[in-house]
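>>> next comes the sequence, and after it the predicted model I'd like to discuss.
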Amino acid sequence: MFAFKPVAFATALLGLVHAAPAVTERQDIILLTLCTDANLGGSCLDYQGTPGVCGNVVGEFDNSISSLVAGTESRPCIFYNNPNCDRSGGSVTLGGRQDALPAGFDNSISSIECLACLIPEGCP
Ligand SMILES: [Ca+2]
């Protein structure tokens, strides 16, 4: 209980100068597991996704991902065939465990952008 007091105090101070919005966008790090074979096999990479920030897949994992775990259905990530989250090469939104990737994305993903939590109350 003691640890929460400073946080509550800071929130109260902020409330004096800035009314809290009805919906607060969560900016938590999303942990992903990216694997080179189906069913989370082969080599796997632990990847930290920041909502709204594009990240390129580098090294042996570029154009090699065949299965993954990406957040949840309510907090998914967008996967792109091209680097720099360029949509022209195709993109797919996935949340949760994917033992195989949709047609056109196996061994093809080169960049990732995760989304903020889609539930106003927050995601588990
Ligand atoms: Ca692969």
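Done, it's in.

>>> at the contact with the ion, which residues of the chain appear?
Thr36, Ser64, Ser66, Asn107 (C-beta under 5 Å from the ion). In short, each C-beta sits where N, CA and C put it, glycine included.

>>> can you tell me which of those comes closest to the ion?
Ser66 (3.5 Å; C-beta to the ion).

>>> top of the residues of the chain next to the ion by neighbour count?
Among the residues of the chain next to the ion, Ser66 has the most neighbours (other C-beta atoms under 10 Å), with 22 neighbours.

>>> contacts only, for it.
By C-beta atoms under 8 Å, 6 or more residues apart in numbering, the contact set of Ser66 is Cys35, Thr36, Asp37, Ala38, Gly42, Ala100, Leu101, Asp106, Asn107.

>>> what would the residues you listed look like in CSV with pLDDT and secondary structure?
What follows is these, written out as CSV (pLDDT from 0 to 100; DSSP: H, G, I helix; E, B strand; the rest coil):
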residue, pLDDT, secondary structure
Cys35, 98, strand
Thr36, 98, strand
Asp37, 98, strand
Ala38, 98, coil
Gly42, 98, strand
Ala100, 98, coil
Leu101, 98, coil
Asp106, 98, coil
Asn107, 98, coil
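
>>> which among those end up buried?
The neighbour count (16 or more other C-beta atoms under 10 Å) marks Cys35, Thr36, Leu101 as buried among those.

>>> list the buried residues in stretch 68-85.
68-72, 75-82, 85.

>>> ugh, wrong one, stretch 110-124
Within stretch 110-124, judged by 16+ other C-beta under 10 Å, the buried ones are Ser110, Ser111, Ile112, Glu113, Cys114, Leu115, Ala116, Cys117, Cys123.

>>> got a list of contacts for it?
22-28, 30, 32, 47, 49-57, 62-63, 70-72, 74-86, 89, 93.

>>> what do you get if the cut-off is 6 Å, keeping everything else the same?
23, 25-26, 30, 49, 51, 54-57, 62, 74-80, 82-85 (C-beta atoms under 6 Å, 6 or more residues apart in numbering).

>>> just the CA atoms of that stretch, as PDB, please.
Only the C-alpha atoms of stretch 110-124 are listed here, as PDB (Å, rounded to 0.1, in the frame of the first residue of the first chain):
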ATOM      1  CA  SER A 110      10.500  -7.200 -42.400                       C
ATOM      2  CA  SER A 111       9.000  -4.700 -40.000                       C
ATOM      3  CA  ILE A 112       6.500  -4.500 -37.100                       C
ATOM      4  CA  GLU A 113       4.300  -1.800 -35.500                       C
ATOM      5  CA  CYS A 114       2.300  -2.700 -32.400                       C
ATOM      6  CA  LEU A 115      -0.900  -0.900 -31.600                       C
ATOM      7  CA  ALA A 116      -2.000   0.700 -28.300                       C
ATOM      8  CA  CYS A 117      -4.500  -1.300 -26.300                       C
ATOM      9  CA  LEU A 118      -7.900  -1.100 -28.000                       C
ATOM     10  CA  ILE A 119      -9.900  -1.400 -24.800                       C
ATOM     11  CA  PRO A 120     -10.400   1.800 -22.800                       C
ATOM     12  CA  GLU A 121     -10.300   0.000 -19.500                       C
ATOM     13  CA  GLY A 122      -6.800  -1.300 -20.300                       C
ATOM     14  CA  CYS A 123      -5.500  -4.700 -21.500                       C
ATOM     15  CA  PRO A 124      -4.500  -7.600 -19.200                       C
END
